[in-house]
Structure formats: structure tokens, C-alpha cells
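>>> take this sequence and fold it.
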Amino acid sequence: MNRRSTVAGVCLLTLALTACATPRAQHPSDAGARGEALFPGGRYWRESRTEPAAMQVHVLELDLRRVRLELTAGDTSGGREHVAQTTSDYARRNGLAAAVNASYFTPFKGGSKGGEDYYPHAGDGADVSGAAIAFGQVVSPVEPDEDERVNAIVCVRAAAVTIRDGQDCGGPVDHAVSAGPRLLADGQARSFEAFGQAYGENRHPRTALGLDDDAPRAWLVVVDGRQAGYSEGASLAELIAIFRALGAEQAINLDGGGSSTLAARRDGEVVVLNSPIHTGVPGRERPSANHIGVRVRP
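Numbering: from 1, shown residues only. Got it, this is the predicted structure:
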């Protein structure tokens with residue numbers, strides 16, 4: 001998506017602290033396996049909520065002992081860091097078990113409702129905002145002034161996945177992707193004061209990643225939005241509450257809006273599990289610059 005300017009406003013600290021105070025739910029390992037086993041190390045479920053608003057929450061729980069995370073490799077053939085593709089195409093072409101969209105990206109044009117006047121189309125060049133590493137190679141450099149929302153980085157070293165502030169993993173990594181804002185750090189909700197009240201308070205489609213400090217476990221969460229009567233989306237405080245209920249101590253917001261997509265392999269075929277809303281059309285996927293992929297370990 002395109003970068004967003006800072007909007008002066010009131011801090012969402014009260015909402016964030018409320019989310020922070022939500023009691024942790026039992027781990028699925030304590031209460032029995034949850035959801036549908038899509039692949040070894042990956043379980044999926046959808047939560048349909050009506051309060052405080054209509055909300056469809058898609059959760060992919062990952063056992064990091066059985067799967068590994070990877071980032072889209074760089075491709076400069078389109079004149080930029082990546083060549084845009086939809087999330088399902090990325091998963092399909094790379095033999096992945098699942099994938100979600102990842103970074104904010106430029107250039108971006110949303111396009112008219114149901115139209116073709118958007119950018120990028122599949123095959124067009126796009127640059128990601130902030131540092132990105134794929135297969136040990138730097139795809140995008142550290143860019144502290146590119147997008148103010150990008151204030152944290154996901155770092156992948158073999159089976160170890162961490163979230164750090166800033167855009168530096170502190171050493172060599174296999175994969176890394178900058179995004180933000182960071183939602184949880186050591187179980188504490190982050191404030192979004194610098195972004196203004198509307199930024200975190202308004203409900204939008206969301207994609208985010210959470211980590212469990214007590215086990216090698218991660219969650220990829222996608223919340224559908226902008227679909228009245230079906231799913232309004234989530235505020236950032238509501239997204240924090242979702243991760244705390246899952247048991248996450250660390251969490252980071254990824255690109256959202258019309259980019260939010262969760263694709264996974266079911267019965268051998270890659271399917272889109274949520275309802276994306278590209279150009280205002282429910283179910284239409286947006287080509288994005290890069291993605292977080294899930295690969296089953298041999």
C-alpha cells in the first residue's frame with residue numbers, strides 16, 4: 001500500500017491498555033488441538049464475531065518445529081525490488097503450504113471500484129518500504145524515513161523467529177521483513193499516539209504476525225474488513241486483544257487494507273481462506289510486492 005502521513009490526534013493508550021489487560025487464554029496444547037489441520041505444523045480456524053462489530057478473524061497457527069517461514073525473493077526484472085503477484089500465486093508457484101501478504105509497498109494506486117486502473121498489476125515492479133532480506137540476500141535496505149509505520153522487523157534464523165524494534169536484526173538472518181507498527185512487546189501493548197487517533201481506532205482489513213515466547217509457535221492472523229454486514233475489520237487495539245487471547249507475547253502489524261490475504265494449501269490445492277477486498281470487490285486479490293511464506297520442513 002501507499003505510505004501514510006502522520007495525523008495529529010489523541011493517543012489510543014486507553015484502548016491498548018484494555019487489550020493488554022485481557023487475560024491470556026489457555027494454549028491449544030493445554031486445551032486440545034483447535035481448528036483444521038491443513039498441513040503438518042499448521043492449523044487453521046475462523047472466528048465469526050458480532051461484538052463490538054461484525055468481524056471475521058482468520059487464524060493460522062504454526063508449529064515452528066515443523067514449518068519454516070520465508071520471504072519472497074527479490075526480482076529486479078520489473079525495474080524495482082520485486083515483481084508484484086497475488087498471495088495465492090506466490091504460494092502456488094513456490095510450492096508453499098501457506099502465505100500472507102507482508103510489506104507496505106510503492107508505487108501504489110488503489111484504483112476505481114471493480115476497475116483495472118490500479119497499480120501494481122501482477123508482473124509490475126514494486127518496492128517494499130523498509131529493510132527486507134530473503135534467503136540471506138538483502139532485497140531492500142534499511143529505510144528509516146520511507147514509512148513512519150515501519151517501526152519493527154521480523155527476523156528468521158532457522159527455526160527461531162523474533163520481532164525487534166527498528167529495522168536491524170542484529171546479525172545475519174535467513175529472512176527478515178520490516179513492517180509495523182509493533183503491537184506487542186514482551187506482552188505489553190504498544191501505544192499508537194504518534195499516528196493519531198483515527199489511525200489505530202478505525203477498523204480496516206488487517207494482516208499481522210504474533211509469536212509465543214513459551215513455545216516455538218507463531219500465528220498469522222488476517223481480519224476481513226470493509227464488507228458491511230460480514231466483517232467491518234479491526235482496530236489496532238482489537239488486533240492486540242486477538243493476539244493476547246491466542247497467547248502471543250510479541251506481535252507486529254503487516255500491510256493491510258485491500259492487500260490482506262491468507263492463502264493455504266488444502267487437499268493439495270492453494271485456496272484463499274479469507275475474503276480480500278481489492279478495488280472494493282469482495283474476494284478479489286491484490287497483487288503485492290512481497291509475502292511471508294510457510295514451508296513444511298522435510
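
>>> from here on, contacts and neighbour counts on C-alpha atoms
Fine.

>>> low pLDDT regions in the chain?
Within the chain, the stretches with pLDDT under 70 are 1-32.

>>> run through the neighbouring helices and strands of the longest helix seen in it.
Using DSSP state H to define each element, the chain has its longest helix at helix 236-246. When contacts are defined as 3 or more Cα pairs under 8 Å, 6 or more residues apart in numbering; DSSP states H and E, helix 236-246 packs onto helix 13-20, strand 182-185, helix 197-201.

>>> go again using 7 Å as the cut-off
helix 13-20 (3 or more Cα pairs under 7 Å, 6 or more residues apart in numbering; DSSP states H and E).

>>> picking that back up, strands paired with whichever helix or strand comes after the longest helix of the chain, and their directions?
Later in the chain than helix 236-246, the nearest helix or strand by DSSP states H and E is strand 250-253. Here strand 250-253 has these sheet partners by DSSP bridges: strand 182-185 (antiparallel), strand 206-212 (antiparallel).

>>> which among the ones you listed is found nearest to R65?
Proximity to R65 (Cα to Cα) singles out strand 206-212 among the strands paired with strand 250-253, at 12.9 Å.

>>> give the bridge partners for the nearest residue to A37 once chain neighbours are set aside, please.
Counting by Cα to Cα, 6 or more residues apart in numbering, A37 lies nearest to R43, which is 4.4 Å off, once chain neighbours are set aside. Beta-bridge pairing of R43 under DSSP bridges involves A37, E61.

>>> could you dump the strands paired with strand 250-253 into CSV with mean neighbour count added?
CSV is the format used below for the strands paired with strand 250-253 (neighbours: other Cα atoms under 10 Å):
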stretch, mean neighbour count
strand 182-185, 24
strand 206-212, 25
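
>>> can you say which of those strands is nearest to G79?
Here strand 206-212 is closest among those (Cα to Cα), at 27.1 Å.

>>> still on that earlier bit, what sits against the residue nearest to A37?
The contact partners of R43, by Cα atoms under 7 Å, 6 or more residues apart in numbering, come to G35, E36, A37, L60, E61, L62.

>>> which of the residues you listed are buried, as a ChimeraX select command?
One line in ChimeraX is enough to select the buried members of the contacts of R43, burial here meaning 16 or more other Cα atoms under 10 Å:
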select :60,61,62
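
>>> and the gap between the residue nearest to F135 when sequence neighbours are not counted and G130?
Spatial nearest neighbour of F135, excluding adjacent residues (Cα to Cα, 6+ apart): D174 at 5.1 Å. For D174, the distance to G130 (Cα to Cα, to the nearest Å) stands at 17 Å.
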